[in-house]
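Q: pasting a predicted model and its sequence here:
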Amino acid sequence: MAAAVHPRKLCWSYPRWVSLQLLLLVVLSGLAVSMSTNSLPGFPGPLPFHLQTGYMGVDESDDVQLFYYFVKSERNPMEDPLVLWLTGGPGCSAFSGLVFEVGPLNFSIVEYNGSLPTLVLNPYLWTRCQTFIPYWLFMQLLCPI
């Protein structure tokens with residue numbers, strides 16, 4: 001007779017399995033153009049986290065493409081939750097949410113002197129224990145056109 005599985009273990013194991021599958025789908029999917037980004041203008045030195053950016057075609061001929069970014073968890077991407085982050089919109093870049101809300105970077109707030117903005121690490125970043133993927137990329141991977 002098989003041992004009974006505690007419902008709490010099922011509750012934790014299923015989300016981890018789904019998160020792992022989605023992470024693998026994103027990493028292994030046939031994105032049109034994709035690359036790891038090691039540095040950003042305004043940030044001193046190499047980025048201390050994994051940032052992948054690229055373009056994904058949204059029609060059969062890939063004439064129309066959307067930009068995406070993918071930030072991998074710094075702790076344990078295979079075990080940590082995958083966060084589907086709903087941000088941005090028509091005329092509003094999702095990058096502002098990445099640096100003003102929950103992402104790994106913040107703008108250094110200083111008096112404007114005509115130079116590029118400076119980026120600093122966000123002490124409250126969510127990517128220490130979660131992987132981020134934008135909503136539209138998630139839907140594109142689940143329901144390809």
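A: Looks like it came in fine.
Q: low-confidence stretches in the protein?
A: For the chain, the stretches with pLDDT under 70 are 1-34, 84-94, 132-145.
Q: switch the cut-off to 90
A: Low-confidence segments of the chain (pLDDT under 90): 1-42, 48-119, 121-145.
Q: quick one: the helices in it?
A: 7-28, 95-100, 135-142 (DSSP state H).
Q: name the helices or strands packed onto the second one?
A: Packing partners of helix 95-100 (3 or more Cβ pairs under 8 Å, 6 or more residues apart in numbering; DSSP states H and E): strand 65-71, strand 105-107. For glycine as for every other residue, the C-beta is placed from the backbone atoms N, C-alpha and C.
Q: and residue 59, which of those is closest to it?
A: strand 65-71 (8.9 Å; Cβ to Cβ).
Q: kindly export the closest one (C-alpha atoms) in CSV.
A: Taking C-alpha atoms only, strand 65-71 is exported to CSV below (Å, rounded to 0.1, in the frame of the first residue of the first chain):
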residue,chain,number,x,y,z
GLN,A,65,8.5,41.8,-32.3
LEU,A,66,8.2,42.6,-28.6
PHE,A,67,11.1,43.3,-26.3
TYR,A,68,11.3,41.3,-23.1
TYR,A,69,13.6,40.9,-20.1
PHE,A,70,14.1,37.9,-17.9
VAL,A,71,15.7,38.2,-14.4
